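Peer 1: let's see this in three dimensions:
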Amino acid sequence: MSRAFRWLVPLAALLGLATGPAAAQDSFAQGFVSPEPQYLLNLGVGGAMVPQYPGASSYMFVPYPIIEAGRFYIPYIGQSERKVRGIFIYPSLNIVGERKPSYDNSLKGTKDIDWAFEAGLGGGFRYDWFRAYATIRQGFNGYSGQTGELGADVIVPMGERFEVSFGPRASWGSDGYMETYFGVTPKEASKGILTAYKPDAGFKTVGIAGQINYWVDNKTRLQVKGSWNRLIGDAGDSPIVKYGDANQWMVGVGISRKLSFNLFR
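Peer 2: Predicted coordinates for the structure are as follows:
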């Protein structure tokens with residue numbers, strides 16, 4: 001597992017639910033969605049520059065998959081289709097990379113943090129050009145606790161093949177999450193330069209995110225996305241962030257291909 005290997009894998013289609021913004025941005029230009037196929041998927045790969053760990057000032061490149069659903073059919077349940085109006089629900093999944101004391105001189109004396117898998121749900125509402133959502137996930141392996149996000153987007157079509165979306169973001173963490181990634185125990189403080197610190201649950205970042213989609217043709221999409229998040233509250237006051245950076249940036253690019261097919265007739 002790489003140091004900060006993390007991604008959101010949108011698997012809403014597996015439950016026959018509408019794909020949401022934290023799971024995936026709108027995958028297909030409205031004019032390209034066909035009402036005929038039972039399955040309309042957008043599959044591809046991308047890569048992004050992300051902080052090595054929460055609060056880090058150094059960055060690294062990580063790959064991520066693009067798995068999005070426009071239509072998905074489940075026998076005996078029915079057809080799910082991405083809509084531009086209404087309520088949506090989707091699974092929200094994430095992987096957070098490990099953290100080791102060797103990643104930065106300021107982390108000397110801290111314990112290893114193993115990689116973590118986060119699983120939960122997201123939901124929200126969209127009406128034409130506006131979308132709002134919230135997520136909550138449970139952490140496993142690297143930490144025990146919960147984390148989640150709140151966000152909203154303005155969605156602006158820029159002609160037939162361009163689409164831009166952007167909006168504010170906020171995230172929060174439970175006691176378990178905050179203590180794992182931003183806390184410093186007295187034992188750890190005695191071995192390095194960090195001071196002991198015990199954060200409480202609360203909001204940890206505020207920021208903004210955006211994405212540009214360009215459809216090269218009716219099957220191939222290029223994607224550029226980025227975000228800026230500022231660590232706040234107990235997370236922002238952490239000595240780990242003091243020796244790192246409260247400003248957390250991300251920029252990524254990806255390419256995906258639309259697949260449409262039928263399995264059941």
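
Peer 1: what residues are up against the closest residue to residue 142 other than its chain neighbours?
Peer 2: Take residue 142 and drop its neighbours on the chain: the residue closest to it by Cβ to Cβ, 6 or more residues apart in numbering is residue 116, 2.9 Å away. For the C-beta atoms, the positions are set from N, CA and C on the backbone; glycine is no exception. Contacts for residue 116 (Cβ atoms under 8 Å, 6 or more residues apart in numbering) come out as 95, 96, 139, 140, 141, 142, 143.

Peer 1: make it 10 Å
Peer 2: By Cβ atoms under 10 Å, 6 or more residues apart in numbering, residue 116 lies in contact with 6, 94-99, 137, 139-145, 147, 177, 180-181.

Peer 1: among those residues, name the ones in strands.
Peer 2: Members of the contacts of residue 116 lying in strands (criterion: DSSP state E): 94, 95, 96, 137, 139, 140, 145, 147.

Peer 1: show me what the top helix by length along the chain is packed against.
Peer 2: Counting residues, the longest helix found in the chain (DSSP state H) is helix 175-182. Helix 175-182 sits against strand 85-96, strand 116-127, strand 130-140, strand 145-157, strand 162-173, strand 202-215, helix 233-236, helix 239-242, with contacts defined as 3 or more Cβ pairs under 10 Å, 6 or more residues apart in numbering; DSSP states H and E.

Peer 1: hey, C-alpha coordinates of that helix in CSV?
Peer 2: What follows is the C-alpha trace of helix 175-182 in CSV, where atoms were taken according to Å, rounded to 0.1, in the frame of the first residue of the first chain:
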residue,chain,number,x,y,z
ASP,A,175,-12.9,11.3,18.3
GLY,A,176,-11.3,8.1,16.9
TYR,A,177,-10.5,9.7,13.6
MET,A,178,-9.1,12.9,15.1
GLU,A,179,-7.0,11.2,17.7
THR,A,180,-5.5,8.9,15.1
TYR,A,181,-4.4,11.4,12.6
PHE,A,182,-4.0,14.6,14.6
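
Peer 1: okay, the angle between it and strand 162-173?
Peer 2: With axes from the mean of the first three to the mean of the last three Cα atoms, to 10 degrees as the criterion, the two stretches helix 175-182 and strand 162-173 enclose an angle of 100 degrees.

Peer 1: quick one: name whatever helix or strand follows helix 175-182.
Peer 2: Using DSSP states H and E, the next helix or strand after helix 175-182 towards the C-terminus is helix 186-189.

Peer 1: for stretch 100-110, the distance to its chain's centre please.
Peer 2: Here stretch 100-110 shows a centroid-to-chain-centroid distance of 26 Å under the convention Cα atoms, centre = their mean, to the nearest Å.

Peer 1: so what touches that stretch?
Peer 2: Residues outside stretch 100-110 that contact it (Cβ under 10 Å, 6+ apart): 3-4, 52-53, 55-58, 60, 97, 99, 111-114, 183-185, 187-194, 239-240, 242-244.

Peer 1: give me the buried entries from the residues you listed.
Peer 2: Buried residues within the contacts of stretch 100-110, defined by neighbour count using 16 or more other Cβ atoms under 10 Å: 3-4, 52-53, 55-56, 60, 97, 99, 113, 183-185, 188-189, 192, 194, 239-240, 243-244.

Peer 1: worst mean pLDDT among the helices and strands packed on helix 175-182?
Peer 2: Comparing the helices and strands packed on helix 175-182 by mean pLDDT, the weakest confidence falls on strand 85-96, with a mean of 87.

Peer 1: many thanks, have a good one.
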